[in-house]
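*Asks:* Got a predicted structure plus its sequence, pasted below:
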Amino acid sequence: MSIRARALVAAVALSTLALSACGSRVHNAGDDTGSTGNTGGTATQGASNNTASDTGVTADSINVGVMAGQTSGLGPDTFSASLVGAQAYFKALNDAGGVNGRKVNVNLCDDKGTGDGNVNCVHSLIDDKKVFAFAGTTSFDYAGAPYVSQKGVPDVGGEPVSGTAYYQYPHLYSIYGGFGYPRDGKAPGYDGKLYAGTENYRWFKEKLGAKTAAVVYFEIGPSKLYADSIAAGLQKEGYKVVKESIDLGLQNFDAAVIDMKRQNVDLVFDALTAGANVTLCQSIQSQDMALKAKVTTTQSWSDTAGKDYQFTPTCLNNLYAISQTQNYNNVSDPGVKAYRDAIAKYAPGSVAKMNMWMFEGYLSAMWLTDAMKSCGADLTRKCVDNYMATTTYDAGGLLIPHSFKVVDPPPASHIGCLDVARWTNQAPTGKAGWTSQTPDMSKNCFNVPMFSYNAS
């Protein structure tokens with residue numbers, strides 16, 4: 001794969017994921033909240049009543065599938081972090097007694113980051129391995145999603161890296177929730193439109209006083225699509241918006257930065273690859289541009305940021321990330337500590353590579369586990385689907401509450417909550433890293449308008 005092609009693929013992955021992660025959260029009063037958020041504990045009473053209750057389930061085991069592009073053209077670490085997190089959770093779970101006395105057998109499949117590879121994985125895991133459900137999925141091209149849905153196999157907590165499968169098909173449950181979408185197998189979202197609130201942009205306006213925002217993007221479809229959605233949200237919040245288009249083959253970041261500086265831009269979003277972000281920040285540094293914030297994506301919320309931006313202190317000292325997931329550096333939170341302990345014990349080689357996708361893979365496995373626990377001895381896909389459809393879930397406070405209850409038509413406004421982290425010289429871990437900017441993400445909320453954008 002050429003460098004140009006790799007940049008194109010990475011831009012698609014980055015932009016589509018970020019679109020998905022900033023969607024709306026529709027909360028319904030009176031929902032049951034699933035918030036056990038533990039790693040299994042002892043085997044549940046009544047385990048002796050277990051039977052082979054469904055495909056992939058025996059009296060003492062459960063087959064679970066995990067898909068990720070371990071050998072994608074973008075390298076082994078790009079899409080595999082969620083797999084590491086999910087594996088660590090299930091290993092800790094099995095050591096603690098499993099699910100109602102059943103151990104979880106994890107079946108891995110490398111879809112190579114391609115549509116054909118994904119279809120092969122889906123058929124191998126469903127038809128041959130007879131998996132009961134999926135967790136920790138990070139598929140760049142989820143071409144097998146229609147078959148997963150057709151077979152009624154729950155895919156819980158997957159990363160919506162590319163495409164709209166998680167906002168289109170039943171039985172597929174994104175780590176970011178359902179946004180109220182019908183998910184009836186027809187057009188994604190609401191008749192092909194996806195929705196988001198403006199809370200991400202409201203925070204920077206109210207907390208940092210940002211007024212003029214730039215969106216830097218590649219002049220290719222997916223990157224431009226994401227940039228357009230960011231610009232729409234910023235404009236909805238009253239920002240002056242500057243859009244800077246970068247030719248993928250002839251990347252002139254200096255010209256973009258000179259124009260941003262001329263227009264007094266103080267807040268920068270982007271729809272770029274990780275490498276292009278570093279290049280952008282090099283231009284910001286060389287042009288002596290002042291910033292209130294450089295906002296990165298969930299995909300780039302990684303412990304490697306300090307190294308990536310070590311020669312661009314203007315960006316590094318003003319680097320922010322936003323999500324609906326607890327900061328994995330908040331070690332005072334018992335759930336975060338359990339995660340970090342699990343990675344240290346079961347995946348020690350990944351400790352230095354911790355990132356948000358790894359943590360969300362861990363939470364994906366937790367979510368599926370809590371759904372399976374709710375079924376007791378009679379574990380069935382139907383029971384898991386019912387749990388996912390009726391339970392508002394917060395993973396013991398590690399997620400802002402997520403729901404898959406349908407809300408149609410989409411609301412004009414909503415109360416949107418978010419976690420905001422900033423790279424600092426001393427994070428809660430005691431070394432440089434991500435530090436939360438609000439003590440309680442579930443209370444860092446804004447009543448904001450909704451806006452729509454095209455799903456493709």
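*Replies:* That came in fine, so what should we check first?

*Asks:* I'd say Lys224 and Val216 touch.
*Replies:* No. Using Cβ atoms under 8 Å, Lys224 is not in contact with Val216, being 11.3 Å away. Yep, even glycine has a C-beta here, placed from its N, CA and C like the rest.

*Asks:* Asn107 belongs to a helix?
*Replies:* No. Checked against DSSP: H, G, I helix; E, B strand; the rest coil, Asn107 lies outside a helix; its state is strand.

*Asks:* Please name the nearest non-neighbouring residue to Leu363.
*Replies:* Ala395 (5.2 Å; Cβ to Cβ, 6 or more residues apart in numbering).

*Asks:* Show the model's pLDDT score for Ser24.
*Replies:* On pLDDT, Ser24 comes in at 45.

*Asks:* Tell me how far Gly56 lies from Ala145.
*Replies:* To Ala145, Gly56 is 19 Å away according to Cβ to Cβ, to the nearest Å.

*Asks:* Over to Asp254?
*Replies:* Using Cβ to Cβ, we find Asp254 at a distance of 41 Å from Ala145.

*Asks:* which non-adjacent residue is nearest Lys151?
*Replies:* Ile126 (5.5 Å).

*Asks:* typed the wrong thing, it's Gly56
*Replies:* Per Cβ to Cβ, 6+ apart, closest to Gly56 is Phe132, 3.3 Å.

*Asks:* now swap in Ala352 and tell me
*Replies:* Closest residue in space to Ala352, ignoring its immediate chain neighbours: Asp303 at 6.7 Å, by Cβ to Cβ, 6+ apart.

*Asks:* now for the helix or strand that contains Val336, which elements pack on it?
*Replies:* Per DSSP states H and E, Val336 falls inside helix 334-346. Judged by 3 or more Cβ pairs under 8 Å, 6 or more residues apart in numbering; DSSP states H and E, helix 334-346 is in contact with helix 81-95, helix 356-373.

*Asks:* count of residues packed around the residue nearest to Leu363?
*Replies:* Using other Cβ atoms under 10 Å, Ala395 has 26 other residues around it.

*Asks:* Repeat that for Asp341.
*Replies:* Applying other Cβ under 10 Å, we find 14 residues neighbouring Asp341.

*Asks:* burial measure for Asp408, as a count.
*Replies:* Neighbour tally, Asp408, other Cβ under 10 Å: 9.

*Asks:* So it lies in a helix, does it not?
*Replies:* No. Inclusion of Asp408 in a helix is not indicated when three-state DSSP is applied; the result is coil.

*Asks:* What ranges in this structure fall below the confidence cut-off?
*Replies:* For the chain, applying pLDDT under 70 flags the ranges 1-47, 72-77.

*Asks:* Show me the helices in it, by range?
*Replies:* Applying DSSP state H to the chain gives helices spanning 3-21, 81-95, 115-123, 145-150, 199-208, 221-236, 253-262, 274-286, 305-308, 313-316, 334-346, 356-373, 381-390.

*Asks:* Take the third one, keep the C-alpha atoms, and write them as CSV.
*Replies:* It stands for helix 115-123. Extracted in CSV, the C-alpha atoms of helix 115-123 (Å, rounded to 0.1, in the frame of the first residue of the first chain):
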residue,chain,number,x,y,z
GLY,A,115,-13.9,-5.8,3.7
ASP,A,116,-13.1,-9.3,2.3
GLY,A,117,-11.1,-10.1,5.4
ASN,A,118,-14.0,-9.0,7.6
VAL,A,119,-16.5,-11.1,5.7
ASN,A,120,-14.2,-14.1,6.1
CYS,A,121,-13.8,-13.5,9.8
VAL,A,122,-17.6,-13.1,10.3
HIS,A,123,-18.3,-16.4,8.6
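
*Asks:* Would you mind telling me which of Asp254 and Ala145 has the busier surroundings?
*Replies:* Ala145 (24 against 15).

*Asks:* Might one say that that one is in contact with Thr164?
*Replies:* No. The criterion here is Cβ under 8 Å, and Ala145 misses it with Thr164 at 9.3 Å.

*Asks:* This completes my enquiry, with thanks.
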